[in-house]
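Engineer: sequence and computational prediction follow.
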Amino acid sequence: MWQLESRAYPIVLNTREGMNHPGQWYLDRTAGKLVYWPLPGQDMMKLQVVAPTMESIVCIAAKSKTLPADITLRNMAFHCTTQPLRTVGFGGAGFDGAVKIVKADRCVLKNLEISH
């Protein structure tokens with residue numbers, strides 16, 4: 001019977017050098033390039049790639065003493081925002097997200113689809 005030794009290994013994500021099998025990818029944010037190692041039989045001409053560039057899609061915020069008010073976002077879909085490279089604490093609570101509302105009154109979000 002084999003017994004696996006329990007060890008904690010450091011994990012480094014998003015490095016080109018760390019790509020060691022098909023299906024992995026690396027995003028070079030500085031160059032604005034995505035490097036992908038295709039899966040066996042995968043047709044790169046038919047592949048759809050989405051690389052988000054925005055942290056938030058909708059931002060409602062006061063820019064003066066007058067607060068934005070009585071705004072409703074209804075029946076909309078927001079997909080694929082990027083995640084900044086910074087420490088934010090437990091559960092990512094420090095990220096703004098696809099929809100950001102700061103200093104506003106009576107805003108309603110109804111039947112929204114937010115993903116990725």
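Structural biologist: Structure's in. What do you need?
Engineer: nearest spatial neighbour of Ala62, chain-adjacent residues omitted?
Structural biologist: Excluding the flanking residues, the one nearest Ala62 by Cβ to Cβ, 6 or more residues apart in numbering is Lys103, at 4.0 Å. Placement of C-beta: from N, CA and C, glycine included.
Engineer: what score does that neighbour have for pLDDT?
Structural biologist: At Lys103, the pLDDT value in this model is 89.
Engineer: report the separation between it and Leu13.
Structural biologist: 34 Å (Cβ to Cβ, to the nearest Å).
Engineer: so the two - more neighbours on which side?
Structural biologist: Lys103 (10 against 6; other Cβ atoms under 10 Å).
Engineer: contact partners for that one?
Structural biologist: Going by Cβ atoms under 8 Å, 6 or more residues apart in numbering, Lys103 touches Ala61, Ala62, Leu67, Pro68.
Engineer: just Gln42 next, same as before
Structural biologist: By Cβ under 8 Å, 6+ apart, the contact set of Gln42 is Pro22.
Engineer: look up how far Gly23 lies from it.
Structural biologist: Separation of Gln42 from Gly23 (Cβ to Cβ): 9 Å.
Engineer: center of the chain, which residue is that?
Structural biologist: Centroid-nearest residue in the chain, with Cα atoms, centre = their mean: Thr82, separated by 3.7 Å.
Engineer: quick one, phi/psi of that one?
Structural biologist: According to degrees, to the nearest 10, the main-chain angles of Thr82 amount to phi -90, psi 160.
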